[in-house]
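> sequence unknown, structure follows:
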Ligand SMILES: Cc1cn([C@H]2C[C@H](O)[C@@H](COP(=O)(O)OP(=O)(O)O[C@H]3O[C@H](C)C(=O)[C@H](O)[C@H]3O)O2)c(=O)[nH]c1=O
């Protein structure tokens with residue numbers, strides 16, 4: 001596996017070693033020994049999630065707050081997404097900076113998103129299978145987020161407005177400015 005630093009502190013891109021032969025391919029989607037050796041992080045993932053999204057779906061920007069904050073190891077098993085993260089940690093030198101990255105079933109790349117980051121993605125293909133590991137359990141009461149079309153973040157989701165599919169819940173998330181004033 002190759003581990004590359006992103007422009008945001010503690011956020012990494014992981015490129016697993018893929019073995020290909022006449023039958024197809026194989027790769028280890030997670031190996032705790034290799035993960036610790038390459039990232040220096042001692043993370044215990046406790047929950048695996050999967051979502052399936054139609055083309056144009058935008059999920060996010062989400063995070064759980066406080067003691068229920070989650071680090072995530074994200075991959076796309078099928079299709080392609082633009083994954084977007086924002087460092088929401090006031091003490092970080094990359095505070096409020098954003099980073100986006102194409103994850104796909106083709107490149108098999110993974111993105112490690114540390115606790116304290118807002119996370120979202122958009123489906124650039126149909127029926128995207130989005131799989132990720134979390135190091136903390138789901139806790140509805142601690143869910144929070146920033147609205148996907150926040151003016152200050154001005155994220156380019158790469159999907160025409162007419163094609164965007166966003167849940168009612170996500171459309172009603174606060175702006176970054178409103179969230180920071182909470
Ligand atoms: C996240 C989660 C949700 N749920 C239930 C709650 C709802 O009844 C249903 C759909 O939840 P939601 O609309 O919040 O799903 P997403 O919009 O994909 O949320 C996720 O999307 C962004 C991109 C993330 O990074 C977070 O992991 C997470 O917020 O699944 C659970 O039972 N367990 C869970 O861990």
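Noted; the coordinates are in hand. Note that the coordinates shown come from a computational prediction; the quantities given were computed from them, not determined experimentally.
> give me the element residue 180 is part of.
Following DSSP states H and E, the helix or strand that holds residue 180 is helix 176-181.
> tell me which residues of that helix are tucked away?
Along helix 176-181, the positions that meet the burial threshold by neighbour count (16 or more other CB atoms under 10 Å) are 176, 179. Just so you know, the C-beta spots here come from the backbone N, C-alpha and C atoms, and that holds for glycine as well.
> likewise stretch 106-122?
Along stretch 106-122, these residues count as buried under the neighbour rule (16+ other CB under 10 Å): 108-122.
> Check stretch 23-37 too.
The neighbour-count criterion (16+ other CB under 10 Å) identifies residue 35 as the buried residues of stretch 23-37.
> got the residues of the chain near the ligand?
49, 51, 59, 60, 62, 119, 120, 121, 138, 167 (CB under 6 Å from any ligand atom).
> Do a quick rundown of the strands in the chain.
Under the criterion DSSP state E, the chain contains strands at 2-5, 12-15, 19-21, 24-26, 47-53, 58-64, 72-78, 80-87, 98-104, 110-113, 117-123, 128-134, 143-145.
> Residue 50 against residue 133, yeah?
No: with contact defined as CB atoms under 8 Å, residue 50 does not count as touching residue 133 (10.7 Å).
> These two: who's more crowded?
Relative neighbour count places residue 133 above the other of residue 50 and residue 133, with 22 against 9, counting by other CB atoms under 10 Å.
> check contacts around the residue lying closest to that one once chain neighbours are set aside.
In space, residue 133 comes closest to residue 45 once its chain neighbours are excluded; the distance is 3.9 Å by CB to CB, 6 or more residues apart in numbering. Contacts here follow CB atoms under 8 Å, 6 or more residues apart in numbering; on that basis residue 45 touches 30, 73, 133, 134, 135.
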